[in-house]
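**Student:** just coords:
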């Protein structure tokens with residue numbers, strides 16, 4: 001309980017240092033990760049992280065002791081070499097990007113494992129090197145100098161992104177257009193990969209080689225669910241990355257024997273899951289609700305259109321067989337038909353009661369509007385797509401529910417110009433449809 005209180009109130013200086021460093025790392029990784037995801041360079045961070053391991057080992061062999069600046073420099077050099085190798089393989093051969101990344105990742109990581117085993121075989125060498133912290137992350141061992149280094153480099157990376165935001169945005173969304181207007185897309189792409197490399201390297205002490213890709217990819221992927229704007233996406237990704245770092249290191253500090261890297265990755269994954277489910281426009285719950293609403297709307301509109309056409313063709317009698325005639329008009333199940341009839345009654349679109357089914361005045365107006373959309377689109381298919389009049393009903397039925405008013409106006413003008421249609425088209429209703437006024441189809 002005392003540990004939790006110190007963590008919440010930030011009374012422990014070491015806690016403040018670790019949380020500050022993890023938050024700075026998550027912020028910078030989230031921002032750069034947006035461009036990595038949009039540019040389909042998500043796995044590049046994973047390749048750089050694994051390629052950094054031989055750099056750390058080489059730095060230890062040169063320095064002979066544990067030195068964070070030397071380790072990061074060695075990791076950065078080998079990470080940059082890995083980026084150059086990936087680019088060279090792609091440009092000089094027909095190997096695709098994912099295969100090039102896999103080749104470089106496995107080769108460099110294998111070299112790192114061999115070098116680390118040699119270091120570990122030396123008595124005391126593995127302990128002095130602290131290689132385990134680079135494999136799985138050890139944020140608790142972060143000192144003030146490490147946190148300040150991470151924050152400083154992260155701030156520089158974020159400032160570079162802000163300074164070249166327009167260029168990076170153009171590179172992410174339309175590389176061909178950028179090349180067409182004379183932008184050095186090759187140099188821009190290499191600069192982006194180097195930014196990914198820098199962020200990946202500074203995150204190795206906290207998150208480790210294995211899980212650094214989580215901070216690059218997951219915050220950006222989570223942010224994508226919440227917005228269509230790149231600038232807003234950068235902000236959200238930075239917040240998610242920083243929050244993942246804080247939550248992960250906090251839990252790691254409270255749970256003895258738990259490395260920070262895996263917990264940070266789990267925290268980011270939890271935020272991604274929340275975004276995937278609860279985002280208002282792109283989330284799974286919102287998508288399910290829209291699909292359900294559209295299905296109910298189509299079912300209800302098809303019911304009203306069927307009633308209108310039965311009345312129009314004088315095919316029904318005022319008897320208890322009306323529901324059976326409706327069932328023949330569509331491939332409805334009994335539950336779908338009864339549910340649609342019940343909803344139409346609740347909305348005042350058909351006369352309440354049992355037996356016969358009769359449209360009310362508002363129901364007739366709404367049904368006329370639905371039939372009008374259907375037949376106007378039939379006209380378009382007949383005149384513009386050269387589809388035979390006896391084959392257009394099914395195609396028109398598939399799209400009549402989503403026709404915008406502007407297109408209906410154009411189709412109506414075309415109808416007036418031609419002055420003919422295989423079936424009469426109901427006139428444009430002047431009153432507001434009860435579907436639009438009450439949101440009845442939601």
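**Tutor:** Noted; the coordinates are in hand. For clarity, every value in this text was computed on a predicted model and none was experimentally measured. Numbers count the residues shown, from 1 in each chain.

**Student:** residues contacting residue 169?
**Tutor:** Contacts of residue 169 were listed using Cβ atoms under 8 Å, 6 or more residues apart in numbering, and they are residue 230. To be clear about C-beta, it is placed using only N, CA and C from the backbone, and glycine gets the same treatment.

**Student:** Report the secondary structure element holding it.
**Tutor:** Using DSSP states H and E, residue 169 sits in helix 165-173.

**Student:** Quick check: buried residues in the helix or strand that that helix is followed by?
**Tutor:** Counting by DSSP H and E, the element after helix 165-173 in chain order, helix or strand, is helix 175-180. Buried residues in helix 175-180, counting neighbours by 16 or more other Cβ atoms under 10 Å, are found at 175, 178.

**Student:** again with stretch 41-51
**Tutor:** 41, 42, 43, 44, 45, 46, 47, 48, 49, 50, 51.

**Student:** Would you mark the buried spots in the helix or strand harbouring residue 106?
**Tutor:** Assigned by DSSP H and E, residue 106 belongs to helix 97-121. Buried residues in helix 97-121, defined by neighbour count with 16+ other Cβ under 10 Å: 100, 101, 102, 104, 105, 108, 109, 111, 112, 115, 116, 119.

**Student:** tell me the mean pLDDT over that helix?
**Tutor:** The pLDDT scores in helix 97-121 average 84.

**Student:** Determine the longest helix present in the protein.
**Tutor:** helix 284-312 (DSSP state H).

**Student:** which secondary structure elements does that helix contact?
**Tutor:** helix 260-278, helix 322-329, helix 334-346, helix 361-384 (3 or more Cβ pairs under 8 Å, 6 or more residues apart in numbering; DSSP states H and E).

**Student:** Any idea which of the ones you listed gets closest to residue 213?
**Tutor:** helix 260-278 (8.9 Å; Cβ to Cβ).

**Student:** Give me the residues contacting the closest one.
**Tutor:** 18, 22, 26, 136-140, 206-208, 210-212, 214-215, 218-219, 221-223, 225-226, 240-241, 243-245, 247-249, 251-252, 255, 283-285.

**Student:** swap the cut-off to 7 Å and go again
**Tutor:** If you take Cβ atoms under 7 Å, 6 or more residues apart in numbering as the criterion, helix 260-278 is touched by 22, 136-140, 206-208, 211, 214-215, 218-219, 221-222, 225-226, 240, 243-245, 247-249, 251-252, 283-285.

**Student:** out of those, which are buried?
**Tutor:** Buried among these by 16+ other Cβ under 10 Å: 22, 137-140, 206-208, 211, 214-215, 218-219, 221-222, 225-226, 240, 243-245, 247-249, 251-252, 283.

**Student:** Quickly note the distance from residue 183 to residue 147.
**Tutor:** According to Cβ to Cβ, to the nearest Å, residue 183 and residue 147 sit 37 Å apart.

**Student:** Surely residue 63 and residue 70 touch.
**Tutor:** Yes: between residue 63 and residue 70 there is a contact under Cβ atoms under 7 Å: 4.7 Å.

**Student:** Who has more neighbours out of these two?
**Tutor:** Taking other Cβ atoms under 10 Å, residue 63 and residue 70 do not tie; residue 70 has more neighbours (18 against 15).

**Student:** Contact partners for that one?
**Tutor:** Neighbours of residue 70 in contact, by Cβ under 7 Å, 6+ apart: 59, 63.

**Student:** by how many degrees do the strand or helix carrying it and helix 97-121 diverge?
**Tutor:** Using DSSP H and E, residue 70 maps to helix 68-92. Computed by axes from the mean of the first three to the mean of the last three Cα atoms, to 10 degrees, the angle separating helix 68-92 from helix 97-121 equals 150 degrees.

**Student:** What mean pLDDT does helix 68-92 get?
**Tutor:** For helix 68-92, the mean pLDDT works out to 83.

**Student:** list the buried ones in that helix?
**Tutor:** 68, 70-83, 85-87, 89.

**Student:** Please report how far the closest residue to residue 197 other than its chain neighbours lies from residue 73.
**Tutor:** Once flanking residues are discounted, residue 197 sits nearest to residue 79: 4.4 Å by Cβ to Cβ, 6 or more residues apart in numbering. Using Cβ to Cβ, one gets 11 Å for the distance from residue 79 to residue 73.

**Student:** Could you do residue 37 as well?
**Tutor:** Taking Cβ to Cβ, one finds residue 37 at 28 Å from residue 73.

**Student:** next one: residue 358
**Tutor:** 83 Å.

**Student:** Give the buried residues for stretch 155-171.
**Tutor:** Neighbour-count burial for stretch 155-171 flags 157, 158, 160, 161, 164, 167, 168, 169, 170, 171 (criterion: 16+ other Cβ under 10 Å).
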